[in-house]
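[1] please work out how this folds:
(3 chains)
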Amino acid sequence: MTELRPHFHEELAQLESDLVLMGEQASQMIADALGALVRSDAEAARAVIDHDDVVDDLYLAVHERWLATMALQTPVAIDLRLMSVILHVNSHLERIADLAVTIAKITELSQGLPHDPTVMSHLQEMGDIVSTMVRTVMEAFTNRDLDTALSLPEMDRPVNRLNRKMVRKVVKLAEETDLLEWGVRMTVVSRTLERAGDNAVDIAEQTAFLLTGEFREFTDASHHD
Amino acid sequence: MGNQVAEAPRLAGSDATDVASVPMTVTVSDRSEPVADNPAIFEVDRLNVHYGDFHAVKDVSLGIRKNEITALIGPSGCGKSTVLRCFNRMNDLIEIARVSGSIQYHGVDLYGPEVDPVQVRRHIGMVFQKPNPFPKSIYDNVAFGPKIAGFEGSMDDLVEEALTKAALWDEVKDKLEGSAYALSGGQQQRLCIARAIATSPDVVLMDEPASALDPIATLRIEDLMQGLKEDYSIVIVTHNMQQAARVSDRTAFFTVDMEQTGQRTGVLVEFDETSKIFTNPGEKRTEDYITGRFG
Amino acid sequence: MATRTEAVNTAAIVRQSLQGRRFSLGGVAFEAGLLLMLLVSLAILVTLLADIITGALPVFRDRGLDFVTSGITLDSATAGVWTALLGSVGISVIVAIVAFPLGLGAAVYLEEYAPDNAFTRFIQTNIRNLAGVPSIVYGLLGLAVFVRMVDLIGLGGSDSTGGRNIIAAGITLAVLVLPIVIITASEALRAVPDTIREAGLGVGATRWEVVRHHVLPSAAPGVLTGTVLALARAFGETAPLLVIGVATGFFSAGSAGVFDRLTGTYTALPVVVLSWSRQADPAFKENLAPAAILVLLVVLFAANTAAVILRNKYDRKW
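    The predicted structure is shown next:
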């Protein structure tokens, strides 16, 4: 088959590669934000916040290119589904980066506060998993790997579990020590990480839609697993 | 056809209810979804068409439903026009054409021995690719079909009704005696549509009706088709996939099959609701064609 | 700054390459040659016409229309073309009556109904061949068949014509021009676009209804023109008439009625031209013959003009 519409396919490839770049940034930002939090490193946290500009620029670039391609190329069938997925993934990745920024800001605000190593290590664990989830799901998307995409909800379970336990833990901590302020901020971090995890699962849902043509919700906020 | 008594043609839909009396309802989408149980007007079963030794169309089976727009799409030479012309027996005019398999029209075998092709064409009208009005006045163009069919009512009313349904009445009502050739391309094509519906058919076949028209005229024809759908069943062959997507309820995708003999024979690949064909087609060949990967 | 200089340089180069006409001697010579051929053809025609007019002028100057209304006499001062004119017109009417329906019918069948097979093509080829057969052959056919036929059915004539009359002549010439009528009518029918036929059939018309309501009216101008051309051809034919038997010398129909004129001796304009140009009396050869030719030309010219007018009348610019 001769290659028809090479320009269109180039545009699609460019959109995907921009998304891959965004995914790497987002994943790294989560990891860096957690690192800054654990080390109480305000400078590192500031670096993460500044880095969000890069992701925002990519987000806008993808969005503009997306609009143009939509108007000019009238994609249908699998191309149309790909376009829909690109739009959603763009949004989710930008969100993940913003969530990393939230964590970094909390690091800045928690400067000088005492902390609990157990809670910290839980948060580190959550952060590692989420960072890996983002990387994994973007690979599944690029490689059109349905099985890997379907494994995301499973990866998300420990994150959800740890998040649920976080509030109780902090309450218990606050009763015994003066870690209340820090503790409350850490519940926010925990919830933020859980959100980031959900966004990664959403990207997996989109990937599955692209590959099967059917949209199925993997996790529903109204259901608890 | 057959044993039926020929009755004086009257235009379908002439007793439509007054629009103003219909209560306002909230509609979710603009385009009415095809009703799943629209009865079938044509049932095609393993249709094959040969032109002499050339096997043009192979084993086509599908159903055309009442009051729907069915689009036939596919690359050049895939037999879609040939299939269309089987529905009104225009292929009879080609001496070496041979049709096998069956086409049932309202349950009657269209190619049965007692069926008169001339009568068939009064019930199944056709609009052609290049507008081809008769070299006569606008009035005579529309009146010709009913006249030879023996229409005895008010011809003036019939002509007005047909032209109104074809969205042309306001533009020509003051120049009905004028030449049809004085109209623009888009107007001529609407005149051809009026001419086709003047004999009160229940099916209108359209062979790339807009391909010779400019984009605005094209959109007017497409708009007209949506209105005509209420009274007629429409089958349209089109090269323009976006048009098929905009206009039709169901789409049939044909392609060329290179048989062992090397002949380019047309086959039906997929036939489904248009929205499904264009978002998630079942066949890879369909997807390759509509996404432009077909080389 | 660099781009501006670039732009100026580009403009200069482009201007250079656009200027200058390529002078082609061959082209000019060719055009001149064609013009020359046209002028030569025109010159020949003009000379012919001038020759005829100068010869004919004295006759009309002296006698005016009397020339047209007088019968044939041996006296150059009184001889006229009236009898011949009547004969030619009579023949033409019969040609029209016979050739037009036959020719049009045949053409309609060939173009609209006949299947496209070897047999049909064979017929069409032969019709074309017949159009090229020398007219004298038709004369022989006329003598052998039509003269005898006319005599047998009782239209042979009261005097000793034995069928050598306008009727036989008309039939013979009709057969002669029949291929022309068929060919031009066929061409006129073929010129009607197939899309019209398709449209007619598409609304449920029978083939005959399509032909009658759409094809024939569309083709009418072309068919008419073809018929007039055929009639003009017949008007000027001489050789077949000579073979069938036409009066070349003096004769008078006298006070004969229409039937007798049709079935009896007759003559035609071209024949009169021929016989007068062989007379010993120079007046006949140099004046009367050209005058007769002029009458012939005028009739032909009028017929062609009528054809053009009729054609324009029916050929409404749809």
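
[2] those strands in the stretch 1-150 of chain C, which residues are they?
    Counting by DSSP state E, counting those that start in this stretch, the stretch 1-150 of chain C has no strands at all.

[3] by proximity to chain B, which residue of it wins?
    C:P115 (6.1 Å; Cβ to the nearest Cβ). Heads up, the C-betas are built off the backbone N, CA and C, glycines and all.

[4] so how far is B:N91 from that residue?
    16 Å (Cβ to Cβ, to the nearest Å).

[5] ok, now C:G264?
    60 Å.

[6] burial count for C:N312?
    11 (other Cβ atoms under 10 Å in any protein chain shown).

[7] in the helix or strand harbouring it, what counts as buried?
    Under the criterion of DSSP states H and E, C:N312 resides in helix C:289-314. Across helix C:289-314, burial judged by 16 or more other Cβ atoms under 10 Å in any protein chain shown covers C:289-296, C:299-300, C:303, C:307, C:310-311.

[8] re earlier: which of C:P115 and B:N91 has more neighbours?
    Set C:P115 next to B:N91 and count neighbours by other Cβ under 10 Å: B:N91 wins out with 22 against 7.

[9] just to revisit the earlier point, and the helix holding C:N312, average pLDDT?
    Averaging pLDDT along helix C:289-314 yields 86.

[10] same check, this time on stretch A:31-43
    Averaging pLDDT along stretch A:31-43 gives 95.

[11] chain C against chain B: which residues are in contact?
    Residues of chain C found near chain B (Cβ under 8 Å from any Cβ of the partner chain) are C:115-116, C:193, C:195-196, C:198-206, C:209, C:213-214, C:217-218, C:316-318.

[12] what sits against the residue positioned nearest the centre of chain B?
    The centre of chain B sits closest to B:L205, judged by Cα atoms, centre = their mean, with a distance of 1.9 Å. Neighbour list for B:L205: B:L84, B:R85, B:F87, B:N88, B:I124, B:G125, B:M126, B:V127, B:I234, B:V235, B:I236 [criterion: Cβ atoms under 8 Å, 6 or more residues apart in numbering or on different chains].

[13] need those residues in JSON lines with neighbour count and secondary structure, can you?
    Output for the contacts of B:L205, formatted as JSON lines (neighbours: other Cβ atoms under 10 Å in any protein chain shown; DSSP: H, G, I helix; E, B strand; the rest coil):
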{"residue": "B:L84", "neighbour count": "20", "secondary structure": "helix"}
{"residue": "B:R85", "neighbour count": "21", "secondary structure": "helix"}
{"residue": "B:F87", "neighbour count": "22", "secondary structure": "helix"}
{"residue": "B:N88", "neighbour count": "26", "secondary structure": "coil"}
{"residue": "B:I124", "neighbour count": "26", "secondary structure": "strand"}
{"residue": "B:G125", "neighbour count": "27", "secondary structure": "strand"}
{"residue": "B:M126", "neighbour count": "27", "secondary structure": "strand"}
{"residue": "B:V127", "neighbour count": "26", "secondary structure": "strand"}
{"residue": "B:I234", "neighbour count": "24", "secondary structure": "strand"}
{"residue": "B:V235", "neighbour count": "27", "secondary structure": "strand"}
{"residue": "B:I236", "neighbour count": "27", "secondary structure": "strand"}
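
[14] now, the most widely separated pair of those?
    Within the contacts of B:L205, two members stand farthest from each other by Cβ to Cβ: B:R85 and B:I234, at 15.3 Å.

[15] C:N304 contacts C:A232, doesn't it?
    Yes - between C:N304 and C:A232 there is a contact under Cβ atoms under 8 Å: 6.7 Å.

[16] please name every helix or strand in contact with the lowest-mean-pLDDT helix or strand in chain A.
    Within chain A, no helix or strand scores below helix A:152-176, which has a mean of 90 by mean pLDDT, DSSP states H and E. Counting contacts by 3 or more Cβ pairs under 8 Å, 6 or more residues apart in numbering or on different chains; DSSP states H and E, helix A:152-176 packs against helix A:117-143, helix A:180-212.

[17] show me which residues of the stretch 101-250 of chain B sit near chain A.
    Checking the stretch 101-250 of chain B against chain A by Cβ under 8 Å from any Cβ, the hits are B:M241, B:Q242, B:A245.

[18] go through the helices and strands packed on helix A:152-176 and name the closest to chain B.
    helix A:180-212 (9.0 Å).

[19] how distant is the closest one from the center of its chain?
    6 Å (Cα atoms, centre = their mean, to the nearest Å).

[20] that one vs chain B: in contact?
    No - in terms of Cβ under 8 Å from any Cβ, no part of helix A:180-212 sits within range of chain B; the closest distance is 9.0 Å.

[21] report the buried residues of that helix.
    Those would be A:182-183, A:185-187, A:189-190, A:192-211, for helix A:180-212 by 16+ other Cβ under 10 Å.

[22] so when I look at B:R98, I'm seeing a strand, right?
    Yes - B:R98 sits within a strand when classified using DSSP: H, G, I helix; E, B strand; the rest coil.

[23] what's near enough to touch the residue of the stretch 51-200 of chain C found nearest chain B?
    Nearest residue of the stretch 51-200 of chain C to chain B, counting by Cβ to the nearest Cβ: C:T195, 3.9 Å away. Shown in contact with C:T195 (Cβ under 8 Å, 6+ apart): B:F128, B:K130, B:N132.

[24] low-confidence stretches in chain C?
    C:1-3, C:157-161, C:252-256, C:315-318 (pLDDT under 70).

[25] next, find the distance separating the most centrally placed residue in chain A from chain B.
    Centroid-nearest residue in chain A: A:I96, 3.6 Å away (criterion: Cα atoms, centre = their mean). Using Cβ to the nearest Cβ, to the nearest Å, A:I96 is found at 28 Å from chain B.

[26] so that residue is in which element?
    Per DSSP H and E, A:I96 falls inside helix A:77-109.

[27] any buried residues in the longest helix seen in chain C, and which?
    Longest helix in chain C, counting residues (DSSP state H): helix C:25-63. In terms of neighbour count (16+ other Cβ under 10 Å), helix C:25-63 has its buried residues at C:I52, C:G55, C:A56, C:V59, C:F60, C:R63.
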